[in-house]
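Undergrad: give me the fold of what follows.
(one chain, ligands or ions: 1)
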Amino acid sequence: MDKFVVYKSKLSGEVKISGSKNAALPIMAATLLTDQDCLIYNVPDLKDVKTMIGILEGLGKKIKLNRGTLSVKSNKIKKTKNFIAPYNLVRTMRASFCCLGPLLAKLKKAKVALPGGCVIGPRPVDLHIKGLRDLGADITIERGYCQAKAKKLKGTHIYLGGAFGSSVLATANVLMAAVLAEGDTVIEHAACEPEIECLVLFLKKIGARIEGEGTPILKIRGVKKLSGCEFKIIPDRIEAGTFIAASLATKSPITIKGANPLHLTSVIETARRIGAEIKIDKDSTIFIKPAKKLKPVNITTFPFPGFPTDLQAQFMACLCLAEGISLIAEKIYPDRFMHVAELNRMGASIQRNGPYAIIEGKEKLYGAEIMASDLRASAALVIAGLASEGNSQILRVYHIDRGYEKIISKFRKLNGKIKREKQ
Ligand code: UD1
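TA: Sure thing, here's the model as predicted:
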């Protein structure tokens, strides 16, 4: 197992944002809907992407990932292998559950392990199941597996809102099943995240008929067959937001290339309130110049276009160094606070109360031995490490390899003092 050793750093220079992990994964699953070839550009080279490649290869697809270009060859899905995602894969990557919709649509049969909870809290799949049942699927849960079958899927009106609002992957699953269903489907309370918009654009490119991308109402007219295409994945807004947080925490001006500022409005607005001058060029280059003193702010996480839960931990790391008291309300995953104890070990003063965290800013944080608990919490600890006196040892960094492409070399290019060592 590897660890990161991180030293206090002043960052400078330019960083290029990779393709979005959360857009790439459902789009890879969507290639199961067609027998024709797909060429997908800007795919990040990540552990999660490799896990999805493994699942698709298990189903008979021929896949190559070369310098960000993913080629998915036209082999037919092996009917005998519709037992797609065993627990050991789904457990490491929840997004593998979104093979359920496409497999059901294409083979009329699928068996996928239930993902279960994780360190960020319980992660139910009731909305996925409800939406697919509305389309006519017969779904049973047995021995930790979700088994789905349908003679045919039939378009209908589906309300997909849950206790915590819309669901990104439930929208993806139900949408992917509906594109090959008979007749018209309406998905109400669909997720509006840019990753879902990107999935819709991909599906349209392979011949699906969908209206309403980027809105909570998706209208789908089922088609009989889909084709292949060439398609480019959107930039990773969470990676871009992570570098914005790093710039603030280390009080270092940096330049971000290749992000889409329209996907980052709430994040840029929050960074400005904390105290950064942010300029955006015509070519979407983002220039961040943090103030010498950071201001405390209140942040509430919401579905898009609200502040993303996937950046809550990284911005908490910044607010540990603001002058005053900040409040974070976590409305998507009320238990997503594993990083609090680790940040407190670095000298932060954070109190958690249910879905809220109260952060009393300190003048300094101090390097320590700390434990990464999940993907985004790991990024928060890297940011805290870069902004702390002395050095930090971040253990269990395998989480970060799941979702950040070349994180060490990107920070090093920004003059971040960070290295990977054997734990
Ligand atoms: C996706 C992202 C993840 C991000 C999350 C929220 C991927 C691969 N992952 O995860 O990084 O943190 O969106 O933006 O894209 N819920 C239910 N029932 C369900 C499904 C979800 O109640 O059937 C709840 C969840 O517990 C959570 C909320 O809905 O409270 C949103 O979760 P959801 O959007 O489904 O997250 P994912 O799609 O799994």
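Undergrad: how far out from the middle of the chain is the helix or strand containing Phe243?
TA: In the assignment (DSSP states H and E), Phe243 maps to helix 237-249. Distance, stretch centre to chain centre, for helix 237-249: 14 Å (CA atoms, centre = their mean, to the nearest Å).
Undergrad: now the next helix-or-strand element following that helix: average pLDDT?
TA: Under the assignment DSSP H and E, the closest C-terminal helix or strand after helix 237-249 is strand 254-257. Mean pLDDT, strand 254-257: 98.
Undergrad: wait, does the next helix-or-strand element following strand 254-257 contact the ligand?
TA: As assigned by DSSP H and E, the chain's next helix or strand after strand 254-257 is helix 265-274. No - against the ligand, helix 265-274 shows no contacts by CB under 6 Å from any ligand atom, the least distance being 12.4 Å. To be clear about C-beta, it is placed using only N, CA and C from the backbone, and glycine gets the same treatment.
Undergrad: circling back to that earlier point, which elements pack onto the helix holding Phe243?
TA: Judged by 3 or more CB pairs under 8 Å, 6 or more residues apart in numbering; DSSP states H and E, helix 237-249 is in contact with strand 254-257, helix 265-274, strand 276-280, strand 286-290, helix 312-319, helix 375-386.
Undergrad: could I get the ones you listed as TSV with mean neighbour count?
TA: Output for these, formatted as TSV (neighbours: other CB atoms under 10 Å):
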stretch	mean neighbour count
strand 254-257	20
helix 265-274	19
strand 276-280	16
strand 286-290	20
helix 312-319	29
helix 375-386	28
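Undergrad: so which bits of the stretch 151-300 of the chain are right by the ligand?
TA: 162-164, 167-170, 195.
Undergrad: out of those residues, give me the two with the largest separation.
TA: Ala163 and Glu195 (21.3 Å; CB to CB).
Undergrad: the more surrounded of these two?
TA: Using other CB atoms under 10 Å as the criterion, Ala163 and Glu195 rank with Glu195 on top: 26 against 7.
Undergrad: on the three-state scheme, the more buried one is what?
TA: For Glu195, the assignment made with DSSP: H, G, I helix; E, B strand; the rest coil gives helix.
Undergrad: and it, what does it touch?
TA: Going by CB atoms under 8 Å, 6 or more residues apart in numbering, Glu195 touches 20, 22-23, 26, 168, 234.
Undergrad: all helices of this protein, in order?
TA: For the chain, the helices defined by DSSP state H occupy 21-30, 47-58, 87-92, 100-107, 126-134, 168-178, 194-205, 237-249, 265-274, 312-319, 338-345, 375-386, 398-403, 407-413.
Undergrad: for the longest one, buried residues please.
TA: By neighbour count with 16 or more other CB atoms under 10 Å, helix 237-249 contains the buried residues 237-249.
Undergrad: for the residues you listed, which one is nearest Phe304?
TA: Arg237 (9.0 Å).
Undergrad: output the below-cut-off pLDDT ranges for the stretch 1-150 of the chain.
TA: 75-86, 116-118 (pLDDT under 70).
Undergrad: flag every residue of the stretch 1-150 of the chain that's near the ligand.
TA: 22, 25, 94-95, 123-128.
Undergrad: next to the ligand, which bits of the stretch 301-423 of the chain? Give me the list.
TA: Neighbours of the ligand within the stretch 301-423 of the chain, by CB under 6 Å from any ligand atom: 309-310, 332-333.
Undergrad: run a quick neighbour tally on Arg143.
TA: Neighbourhood size, Arg143 [other CB under 10 Å]: 8.
Undergrad: same question for Arg67.
TA: 7.
Undergrad: just Val223 next, same as before
TA: Neighbour tally, Val223, other CB under 10 Å: 16.
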